[in-house]
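Asks: Turn this into a structure:
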Amino acid sequence: MIVRTVSAMTRITESASCLQQMQRRTLKASIETGKYILVQRDQIENSSSNKTMKFPSVWLRDNCCCDQCFHQSSKSRRINWDHFDTEVEATDIKVDSNAQQVIIKWSDEHVSRYDLKWLNEREFCDERRQKYLDEFYRPKTKHWAGAEFREITKTFKFQDVMQTDDVLRQWLEALAISGVAIIEDAPLEKSVVRQLADRVGFIRRTTYGEEFIVQSKPGAKNYAYLSEPLPLHTDLPYYEYKPSVNILHCLVQSKSEGGSNLLVDGFHIADRLRYEYPTDFRVLTETLVDWNDIGSEDGRSFHNIWRAPVICLDSDGNYTRINHSIPQRDSHFSVPLHAVLPWYQAYAKFVRLARRDAFAFKTKPGDVLTFNNIRLLHGRTGYDDTEHNVRYIVGAYLDWDIIYSRLRVLKTAQAESVNDSSATGKATT
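Replies: Model prediction:
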């Protein structure tokens, strides 16, 4: 019986080896007029899925991974661009089937080696590029109406986020895609927001410190520190680099009917304006608004100003940021006189659409509401604040640069774990 098992394992190993050799034999490469390199590999012999990849010669030369051109430990290009020839051409090309590499000799006499896996991951075809942008660079967002809030909002347990990398990844992906997630069963301690920030990377400091307390305060220096209704807004629109993600930990919740959170997907409201009121949409993307914050915190005075539209777009027309705060709009409006009235009319549509779409819900002690401050509008209904009926929220911010970095590290580690498990499984089959 043992002999048969070993024999079966040997046959499987030999079959896998034959398949690998068959795939290696099909690796081909050629030069197309010196300016482009073609790399072809049949996925399986006699299959119609032949795959030809095309790479610009100058890009390949610029991305040579040898020690002379690339610093391995820092993962950084070290090629000398003071003498780099953008007209470089390939003069000879070979393939190493065993190593699955393409070897190119260049017109500057340099020789480069490229792994097939590396080339596959950087192919210039539309499908591959879009997959990289939507899954690894930054997950593709999904916009939602208020009525869909319960459906799109994912919840996680605090201890799971803190102890399990896969749950941490799921939380960060939820924030990236839908812009909101709730963490439940957090201990009733002021340190929770910092623990979550440290789990991702590090906390973002603002004029109001690192952690901040949201509660009704006499002589409040910020409109949020009142028990009155808090209109929909994005935090700190007066910052050029606005804090990205809000972490709000409920320690004590008001027992009055008020104190409910309000959330709106600002990208969804922008979508509606784009298609239903295109003129108003254009006005809100082009008109610079003066946002400001004047005050003091912990003995430090500040006067913050930033000018930006309500709806910010990138060069491809994608949303990059929503700015909205009635209390934090400056009385200075540094635009031509003729632009004022059209802006007010467009802004009124934005505000009313958002208010009608707002979803109201009330967090309970131990809930941590996390949401994208670049995208979502948030507010709060008014509540009665007395000695026996208080509302106490601890807040902090994270930045998207830190979140996306952590998310990529987690995804890479997960992919490597899967590959290692697959390799181990093959070896022990």
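Asks: Helix, strand or coil: sort out Phe371 for me.
Replies: Following DSSP: H, G, I helix; E, B strand; the rest coil, the label given to Phe371 is strand.
Asks: Quick check: chain neighbours aside, which residue is closest to it?
Replies: Using C-beta to C-beta, 6 or more residues apart in numbering and skipping residues adjacent in sequence, the residue nearest Phe371 is Val180, 4.4 Å away. The C-beta positions use only the backbone N, C-alpha and C, and glycine is treated the same way.
Asks: Okay, that neighbour and Val88: tell me how far apart.
Replies: From Val180 over to Val88 the distance is 49 Å, taken as C-beta to C-beta, to the nearest Å.
Asks: Of the two, give the one with the bigger neighbour count.
Replies: Remark: of Val180 and Val88, Val180 carries more neighbours, 24 against 18, as counted by other C-beta atoms under 10 Å.
Asks: Could I get the average pLDDT for the longest helix anywhere in the chain?
Replies: Using DSSP state H to define each element, the chain has its longest helix at helix 400-428. What helix 400-428 shows for mean pLDDT is 82.
Asks: can you pull the buried residues of that helix?
Replies: For helix 400-428, the buried set under the neighbour-count rule, 16 or more other C-beta atoms under 10 Å, comprises 400, 402-404, 406-407, 410-411.
Asks: That one - contacts with which helices or strands?
Replies: helix 165-177, helix 192-200 (3 or more C-beta pairs under 8 Å, 6 or more residues apart in numbering; DSSP states H and E).
Asks: Adding distance to His324, mean pLDDT and mean neighbour count, write those out as TSV.
Replies: Formatted as TSV, these follow (distance: least, C-beta to C-beta, whole Å; pLDDT from 0 to 100; neighbours: other C-beta atoms under 10 Å):
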stretch	distance to His324	mean pLDDT	mean neighbour count
helix 165-177	19	98	19
helix 192-200	24	98	20
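Asks: Now render those helices as TSV, adding distance to Val390.
Replies: Listed next are these as TSV, based on distance: least, C-beta to C-beta, whole Å:
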stretch	distance to Val390
helix 165-177	29
helix 192-200	18
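Asks: Tell me how many other residues crowd Thr207.
Replies: 20.
Asks: Not including adjacent chain positions, what is the nearest residue to it?
Replies: Counting by C-beta to C-beta, 6+ apart, Thr207 lies nearest to Phe302, which is 4.9 Å off, once chain neighbours are set aside.
Asks: Contacts only, for Ala197.
Replies: Counting by C-beta atoms under 8 Å, 6 or more residues apart in numbering, Ala197 makes contact with 203-204, 247, 396, 398.
Asks: State the helix or strand in which Arg321 lies.
Replies: Assigned by DSSP states H and E, Arg321 falls within strand 319-322.
Asks: Just the buried positions in that strand, please.
Replies: 319, 321-322.
Asks: Could you pull up phi and psi at the closest residue to Ile305 other than its chain neighbours?
Replies: Distances taken as C-beta to C-beta, 6+ apart place Asn292 nearest to Ile305, at 4.8 Å, with adjacent residues excluded. In terms of degrees, to the nearest 10, the main-chain angles of Asn292 are phi -150, psi 160.
Asks: Can you give me the neighbour number for Arg78?
Replies: If you count neighbours by other C-beta under 10 Å, Arg78 ends up with 11.
Asks: With Leu376 instead?
Replies: Neighbours around Leu376, by other C-beta under 10 Å: 21.
Asks: that older thread, buried sites along the helix or strand following the strand holding Arg321?
Replies: Scanning forward in sequence from strand 319-322 by DSSP H and E, the next helix or strand is helix 340-357. Within helix 340-357, the residues scored as buried using 16+ other C-beta under 10 Å are 342-343, 346-347, 349-351, 353-354, 357.
Asks: Stretch 87-102 too?
Replies: Buried residues in stretch 87-102, counted by 16+ other C-beta under 10 Å: 88-90, 93, 95, 100-102.
Asks: do stretch 290-300 as well
Replies: Buried residues in stretch 290-300, defined by neighbour count with 16+ other C-beta under 10 Å: 290-293.
Asks: what does it rub up against?
Replies: By C-beta under 8 Å, 6+ apart, stretch 290-300 touches 207-209, 221-222, 236-238, 301-308, 323, 325, 328-330, 332-334.
Asks: likewise stretch 376-390?
Replies: 179-180, 215-216, 224, 227-235, 246, 252, 254-266, 269, 322, 324, 354, 358, 360, 371, 391.
Asks: In the stretch 301-429 of the chain, where is pLDDT below threshold?
Replies: Scanning the stretch 301-429 of the chain for pLDDT under 70 picks out the ranges 385-388, 421-429.
Asks: How confident is the prediction for Cys57, by pLDDT?
Replies: Actually, residue 57 is Ser. It isn't Cys. Per-residue pLDDT puts Ser57 at 97.
Asks: returning to that earlier point: which pair in the contacts of Ala197 spans the largest distance?
Replies: Arg204 and Ile247 (9.9 Å; C-beta to C-beta).
Asks: neighbour-wise, which of the two wins?
Replies: Neighbours per residue (other C-beta under 10 Å) separate Arg204 from Ile247, with Ile247 holding more: 23 against 20.
Asks: Good, wrapping up.
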